[in-house]
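[1] what follows is a predicted protein model with its sequence.
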Amino acid sequence: LSAVTVIITVLVYRMVDNNFGLVNSVDNNILPHPKSLTDNEKIDWHDYKAIEKDSKRVGTGEQGAAAYLTSLERANYEKLFRVNGFNAALSDKIALDRAIPDIRHKSCKTKKYLKKLPSVSVIVPFHNEHWTTLLRTAVSVINRSPAELLKEIILVDDFSSKEFSKKPLDDYLATNLPKVRAIHLPERSGLIRARLAGAKAATGEVLIFLDSHTECNVNWLPPLLEPIAQDYKVCVCPFIDVIAFETFEYRAQDEGARGAFDWEFFYKRLPLLPEDLKHPAEPFKSPVMAGGLFAISSKFFWELGGYDEGLDIWGGEQYELSFKIWQCGGEMYDAPCSRVGHIYRKYAPFPNPGKGDFVGRNYKRVAEVWMDEYAQYLYMRRPHYKMLDPGDITKQKALRERLHCKPFKWFMTEIAFDLPLKYPPIEPGDFGFGEIRNLGVPEICVDAGFKERDQVVGIADCAKGTDIKADQNFSLTWHKDIRVKGKTLCFDVSDANDKADITLYPCHGQEGNQYWRYDIEKQWFLHGGNPRCLDCEPGAKKLFVTTCDETSKTQKWRFENVNLT
Ligand code: UD2
Ligand code: MN
C-alpha cells in the first residue's frame, strides 16, 4: 500500500512540477487551490550582499552616472560609434559589472514574491553586437538573478561578421561565465529566427528574451516570474529604462505606460488607467510589448507556435506575439518592479542585407493573419503594402483557426480600447486650413517662407493663393497642431518669455509646445495650456506669441477655411 502511495505521490508531484507547482493547466482562469500553505509562501528575494557591494562601487559609469571619454581616448570614438550606433569606446571603459541606480518605486523594495518560482533560460539574439555591451548584458543577468532560478543564458549569434563573435566569445564564456553559451547560426537569420533558435535550445520553464545591449536592475527576476507561476498563459514585460547612447547614463524613460501602436505600426504608448495608478508596484495590463524584453513560459510560447518563422531580420514580431497572446487566450502585463536598461541606439548601424522592404513584408504578414478588417488602416497609409508579397501564411492562419483565437475587433474593443482616441484609424478632417490673415494690419499673412526644421516662421504680404513665392498654406489638424501644408513640420513654441518665436519642428502630435486652438469668436490663435495669443509686429516683420489682449487688433486673424462641424 505504501509503495502505491509513494508512486501516486510522485506522479502528482511530477504533474504539478510540469506546471511550475501552481498552475492549473485545465482551466487557467481559475486560480488553483493551494497544494499546501507553503506553496503560497512569499519571501524577500533581494540579494542584500550584492546590493551592499554595488553601493560601494566607484569609477567610470558607476551608479549609472553619465561618463565621458578624455580627448586622448576619442581616437576610437568615431569608428566605433559608426558601426554600433552608440558610444562603444566609452562602453569599453565601463566595468562589465558596473552598478546601476535602483530607481524602482519605493514599494517594490519591500515587496515579497512566491518562494517557488519557475526556472529561467535567458535568450539574447545578437548581430554584430559590440563585445562589452554584449558581455555586460550577460554579467548583469548573472549578478542580479538568484542562481537557483537562472538555468542558462543563450547568446544567439546571428551570423555576425565581427571576428570575436565566434571562437574568442566561446572561449571567454567557457572560462569566465559558465552559465552562458553561444549558438552560432550558419546564415543571417534575423532576430526573430535567432530567438526561435535560442528558444528551441532552451531548457528552462520560462523563456526570457533580452536585447544584446541591456542591463538588468536589482531583483528584476521575481516580478517577471510570479505572474507566470500563477498562470502560465501570462506574458510579463519589465519596465525598459534608458541607457544613453552617448554617455551610458542610466535613467527611467517615464513612470510607466501601456504599449500600443499607430496605424503606420510605429510603437506608441498609452497612459496608465486609473486603477493601475492606485497600485504602483503591481503589474498592469498592456496591449502590446515593445518587443525586446519579456518573459513567457516555454509551454505557452510553443502553444502559440513561437514566432512566425516567415518574419525576417527585424520588425513586426512584437505585434505578432502581442496580438497572438491576447487573441488566443493569454494576457500580457508590465511589471513596474522589474527594470532593465536598454541602449536605444542613435541609428541602426546595419546595412539592409539585400532583402528589400523586409519590415513591410513582416507587417503585412502580421496584418493579414491577425488584424482582419483593421489591416486596411495600415494599407491606407502605406498603399504599397497592397502589392507586397508576404509569402506563405497558411501555417499562421491554420494556427489561428486551431487555437480558436478571437477576432482583432475583440482586441481593439476590450484591450486596446483607448487606442483609437489617440490614434484614430481614419484621421478626422482639419479644423481649418488655408491662409492666416491678420485683421489689424491690411494684407499681412503668416508666411513660413519655405523654412525648414528649427527655423523661425514670420509674416509677409498676403499672396492670395497665387504667388508661388509665398508659403502661406496651413492647417490646424485634429492633433491640435498647426502644420505647414505638404510637410510634417509644426508650429512649435518652446520659449516662455514674452514675444516668443514660433519655430518649425517635426510634428509630434503630443500637444505641449505644439498645442494650438482657433477661437472663432475672438479670432485668436491660442498657443499652449496656459494660453498666449498669436500676434505680429508688421514693422519688424515679426510673428510671436504674447499675452492675450481683448483690445489688440494685431491678435485677430482670419483663418481662410474653418470647419464648423
Ligand atoms: C525594438 C526591440 C527589439 C525588436 C525590434 C523590432 C526593445 C528594447 N527592442 O528595436 O527587440 O523587438 O524593436 O523587431 O524593445 N538582431 C539580430 N539579427 C538581426 C537584427 C538584430 O540578432 O538581423 C538582434 C540585435 O543584436 C538585438 C536585437 O536583435 O539584440 C534587437 O535589435 P535592435 O536592438 O536593433 O532592435 P531595437 O532595440 O531597435
Ligand atoms: Mn535594441
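    Good, I have the coordinates. Ligands and ions are numbered 1, 2, ... in the order given.

[2] got the end-to-end distance for stretch 122-133?
    16 Å (C-alpha to C-alpha, to the nearest Å).

[3] so is it next to ligand 1?
    Yes - judged by C-beta under 6 Å from any ligand atom, stretch 122-133 comes into contact with ligand 1 at 125-127, 129. (C-beta placed from N, C-alpha, C; glycine too.)

[4] quick one: the strands in the stretch 51-200 of the chain, in order.
    113-114, 120-126, 150-157, 180-184 (DSSP state E, counting those that start in this stretch).

[5] quick one on the thing from earlier: nearest to residue 437 among the residues of stretch 122-133 next to ligand 1?
    residue 127 (55.0 Å; C-beta to C-beta).

[6] top of the residues of stretch 122-133 next to ligand 1 by neighbour count?
    residue 125 (27 neighbours; other C-beta atoms under 10 Å).

[7] now for it: which residues touch it?
    Contacts here follow C-beta atoms under 8 Å, 6 or more residues apart in numbering; on that basis residue 125 touches 156, 158, 191, 194-195, 198, 209, 212.

[8] go on, residue 324?
    Per C-beta under 8 Å, 6+ apart, neighbours of residue 324: 304-305, 330, 370, 405.

[9] could I get the residues you listed as TSV with secondary structure?
    Below are the contacts of residue 324 laid out as TSV (DSSP: H, G, I helix; E, B strand; the rest coil):
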residue	secondary structure
304	coil
305	coil
330	coil
370	helix
405	coil
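
[10] highest neighbour count among those?
    In terms of neighbours by other C-beta under 10 Å, these top out with residue 370 at 25 neighbours.

[11] if you drop the residues flanking it in sequence, what lies closest to it?
    Excluding its sequence neighbours, the residue lying closest to residue 370 (C-beta to C-beta, 6 or more residues apart in numbering) is residue 323, at 4.3 Å.

[12] checking that neighbour next. Helix, strand or coil?
    helix.

[13] for stretch 223-236, measure first residue to last.
    First residue to last in stretch 223-236 (C-alpha to C-alpha) measures 9 Å.

[14] ok, residues contacting it?
    With C-beta under 8 Å, 6+ apart, stretch 223-236 has contacts from 19-23, 25, 28, 31, 108, 111, 113-114, 116-118, 120, 149, 206, 208, 238, 283, 289, 294-297, 299-300, 321, 325, 329-338.

[15] buried ones among these?
    19-23, 28, 108, 111, 113-114, 116-118, 120, 149, 206, 208, 238, 283, 289, 294-297, 299-300, 321, 325, 329-338 (16 or more other C-beta atoms under 10 Å).

[16] which members of the residues you listed occur in helices, if any?
    299-300, 321, 325 (DSSP state H).

[17] who in the stretch 251-400 of the chain is up against ligand 1?
    So far as C-beta under 6 Å from any ligand atom goes, the stretch 251-400 of the chain lies against ligand 1 at 290-293, 313-315, 317-318, 342, 348.

[18] just checking, residue 399 touches residue 303?
    No - Residue 399 is beyond contact range of residue 303, at 9.7 Å (criterion: C-beta atoms under 8 Å).

[19] what's near enough to touch the residue lying closest to residue 138 once chain neighbours are set aside?
    Of all residues not flanking residue 138 in the chain, residue 180 sits nearest, at 4.9 Å (C-beta to C-beta, 6+ apart). Residue 180 sits next to 138, 142, 152-155, 173 when contact means C-beta under 8 Å, 6+ apart.

[20] give the bridge partners for residue 180, please.
    residue 153 (DSSP bridges).

[21] cool, and residue 43?
    Per DSSP bridges, the residues bridged to residue 43 are residue 113.

[22] check contacts around it.
    112-115.

[23] out of these, who's nearest ligand 1?
    Closest to ligand 1 out of the contacts of residue 43 is residue 113 (24.0 Å), distances taken as C-beta to the nearest ligand atom.

[24] rewinding a little: check the ones in helices among the buried ones among the contacts of stretch 223-236 and tell me the two furthest apart.
    299 and 321 (14.9 Å).

[25] who wins on neighbours among the contacts of residue 180?
    Most surrounded of these: other C-beta under 10 Å gives residue 155, at 28 neighbours.

[26] can you get me a residue count around the closest residue to that residue other than its chain neighbours?
    Spatial nearest neighbour of residue 155, chain neighbours left out: residue 182 (4.4 Å); criterion: C-beta to C-beta, 6+ apart. For residue 182, the count of nearby residues is 22 (other C-beta under 10 Å).

[27] what does residue 262 give?
    17.

[28] distance check, it against ligand 1.
    15 Å (C-beta to the nearest ligand atom, to the nearest Å).

[29] if I look at that residue, how far off is residue 378?
    10 Å (C-beta to C-beta, to the nearest Å).

[30] and the strands of the stretch 51-200 of the chain as JSON lines, adding mean pLDDT?
    Shown next, in JSON lines, are the strands of the stretch 51-200 of the chain (pLDDT from 0 to 100):
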{"stretch": "strand 113-114", "mean pLDDT": "98"}
{"stretch": "strand 120-126", "mean pLDDT": "98"}
{"stretch": "strand 150-157", "mean pLDDT": "98"}
{"stretch": "strand 180-184", "mean pLDDT": "98"}
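
[31] can I get these in TSV including distance to residue 485?
    Shown next, in TSV, are the strands of the stretch 51-200 of the chain (distance: least, C-beta to C-beta, whole Å):
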stretch	distance to residue 485
strand 113-114	56
strand 120-126	44
strand 150-157	48
strand 180-184	53
